[in-house]
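Visitor: kindly generate the corresponding structure for this input.
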Amino acid sequence: MSRLTGTLWEEVALRRTRAAADPDALPRPVALPASWEDEAAEALAAIAPGDEPVSLPRLAEAWIGRVVARGRKLDLIANETRGLAFAESLRGLLLARRGAPGLTAWRGESKGEHRFVLNLPAFLEPAEPGAMPGFDIKGYTAAVSTAVRTLEILTGAKSTQLALGFADLAGLLAGFGLPYDGAEARAVAGAIAALTRGAAEIESGHLAAQLGGREPVCLLWPVPPAHCVVPGLAEAARAAMEGAATASHGLRHAAVLSLAPADAIEALLGAETAGLAPAPGPTRSGLDAQGYPAELATKAAHRAGRLYDLPVQARPGQPIPGRIMALLAPPSPDARLAMSRVVTAFLHAAPPVPAAIPAPPRAIPAPRQPERSAAGERGRGTIHRVTIGGHRVTLRTAESSDGVLVDIAFSLAKESAALKAMLDAMAEAVSIGLAHGVPLASFVEAYAYSTGGTAGAVEGDANILRATSVLDWAFRRLARDYLGRTDLPDPGEEDILPEQLATPPSSATPLLPLDLPAQLSPAARRRMLRLVG
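Guide: Below you'll find the model as predicted:
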């Protein structure tokens, strides 16, 4: 604890709780500032894998100490006094939840891309309820400079591309009361992006003066917004871009500003969205004080409530005021694209691809009656009742209004369940085929004279006297009624006889004869004995 003496940690009250990064994992002890929410404790548990207790001061001081020591070694931090001041600036950013390096720095990993993220809503200046807050331009510019120098140290002063980014633009806009899809919101976002890039390139110029320039200054850059609703923001953005263009020693880096997907660092800082993503809505799923699932108001909703001087969820589950609901409503795809174009103009790399945007809703077509046949709707039908081999069979047909066959069905009185199910499935398949244009003649050619199941003499049909099966009689009957075919004669009597059981062989000879040796009679065996004296 001696390292914390005389630092900002002395003024921080900590609380201890139990948290886990994975809902299926066992919670472990976590120590963090008393004012931070439980989601920050879960993020802290995710930053430090394992099952041991986690303390924010101890975990943060580890990477802060590594950064300062390496900065001294690279001559990026002149002396011990500047090292202490630089460490305090990093602690201040973290404790104010304004910024922090990525997971690679926290875990002390030698491989992996280093990044630094700034939490935009943390730079909102407090205001009276009902008044629009300001933006801490001076503090934000200083944070950008600290972040660039930290990244230069973490990369060993070797990389020409740094990954500085910001998070929760939607939360910042909600604090100003600006709808995401409005022109004023795009102006503020463009000014923030321009200020970030300009301040980062100014610090890159300072590093170039100290270590040597590697890139020329950028003389052609997008024009920042001329004005925005945040006082002084547009002017600061323009001044930062002009200052970056006048670096006498060139720049140290070819790229400094890029956005990255969110991870545990954004959650630790309290950011609800990554980069320029819109707000997910005024509520989120969570647990109330008793541990029951509830819809909780987001931080963006609380900021908007302070701005509008409206109460927001004194108790979990209470409705959100309509004005805040409208402010945080999901923007249209065109609004998201317009915001992306404004911000991307100042980035050195394309922003991460957002989650798939749902397709616009399409009108549901009016329900219509299923068309069983192109010939028209169902009209009359016929019923045939016959007896085949002593078994009663009923064939029902349905026709369209112009007499075209569209449906058939069977009813059998004395048959097995398997045969009934097979005939029902066959009739349904034939009906579907007829509805989709399969000609009846194709079914007749396939099933006439088919065998299987009931067969024999047909009673009740004057035209068909014998049938090899129910399907044989049915499709020859349909061929006569709907195709006019009389060229399908009855099968012969030998074709409708039931299958004969196999006749057992009359010979008494075994089916598998054995060639046994001949046996002598007992008398013959006695004659073969000799008396030996």
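
Visitor: any regions of the stretch 151-300 of the chain where pLDDT drops low?
Guide: Confidence mapping of the stretch 151-300 of the chain against pLDDT under 70 gives the ranges 219-220.

Visitor: low-confidence stretches in the stretch 351-500 of the chain?
Guide: Low-confidence segments of the stretch 351-500 of the chain (pLDDT under 70): 353-362, 364-379, 498-500.

Visitor: which residues in it form helices?
Guide: Counting by DSSP state H, counting those that start in this stretch, the stretch 351-500 of the chain has helices at residues 417-435, 440-447, 470-478.

Visitor: and the stretch 1-150 of the chain, by the same measure?
Guide: Ranges of helices in the stretch 1-150 of the chain, per DSSP H, counting those that start in this stretch, are 38-47, 56-73, 80-95, 103-106, 137-154.

Visitor: nearest to Pro491, of those?
Guide: In terms of CB to CB, the element of the helices of the stretch 1-150 of the chain nearest to Pro491 is helix 38-47, at 78.5 Å. Heads up, the C-betas are built off the backbone N, CA and C, glycines and all.

Visitor: which residues are in contact with stretch 416-432?
Guide: Residues outside stretch 416-432 that contact it (CB atoms under 8 Å, 6 or more residues apart in numbering): 372, 406-410, 412, 443, 453, 470-471.

Visitor: of those, which is the most crowded?
Guide: Among these, Val470 has the most neighbours (other CB atoms under 10 Å), with 27 neighbours.

Visitor: mind listing the strands for the stretch 401-533 of the chain?
Guide: 405-412, 456-459, 466-467 (DSSP state E, counting those that start in this stretch).

Visitor: could I get those as JSON lines with distance to Leu233?
Guide: Shown next, in JSON lines, are the strands of the stretch 401-533 of the chain (distance: least, CB to CB, whole Å):
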{"stretch": "strand 405-412", "distance to Leu233": "72"}
{"stretch": "strand 456-459", "distance to Leu233": "95"}
{"stretch": "strand 466-467", "distance to Leu233": "92"}
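
Visitor: gap between the two ends of stretch 215-231?
Guide: With CA to CA, to the nearest Å as the measure, the ends of stretch 215-231 fall 33 Å from one another.

Visitor: buried sites along that stretch?
Guide: Using 16 or more other CB atoms under 10 Å as the test for burial, stretch 215-231 gives 215, 217, 221, 224-225, 228-230.

Visitor: what's it in contact with?
Guide: Outside stretch 215-231, the residues touching it (CB under 8 Å, 6+ apart) are 132, 134-135, 160, 176, 178, 184, 187-188, 190-191, 194-195, 197, 201, 205, 208, 234, 237-238, 241, 244-247, 250-254, 345-346.

Visitor: whichever of those residues end up buried, select them in ChimeraX.
Guide: This is the ChimeraX syntax for the buried subset of the contacts of stretch 215-231, where burial follows 16+ other CB under 10 Å:
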select :134,135,176,178,184,187,188,190,191,194,195,197,201,205,208,234,237,238,241,244,245,247,251,252,253,346
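
Visitor: please flag which of the contacts of stretch 215-231 sit within strands.
Guide: Using DSSP state E, 134-135 are the members of the contacts of stretch 215-231 that sit in strands.

Visitor: Leu118 is in contact with Arg97, isn't it?
Guide: No: the criterion here is CB atoms under 8 Å, and Leu118 misses it with Arg97 at 10.3 Å.

Visitor: same drill for those two, tell me which one is more crowded.
Guide: Leu118 (24 against 18).

Visitor: where do the helices sit along the stretch 201-350 of the chain?
Guide: Along the stretch 201-350 of the chain, the segments classed as helices by DSSP H, counting those that start in this stretch run 233-245, 264-269, 299-308, 322-327, 333-344.

Visitor: can you list these in TSV and add distance to Ser258?
Guide: Listed next are the helices of the stretch 201-350 of the chain as TSV, based on distance: least, CB to CB, whole Å:
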stretch	distance to Ser258
helix 233-245	16
helix 264-269	15
helix 299-308	24
helix 322-327	29
helix 333-344	10
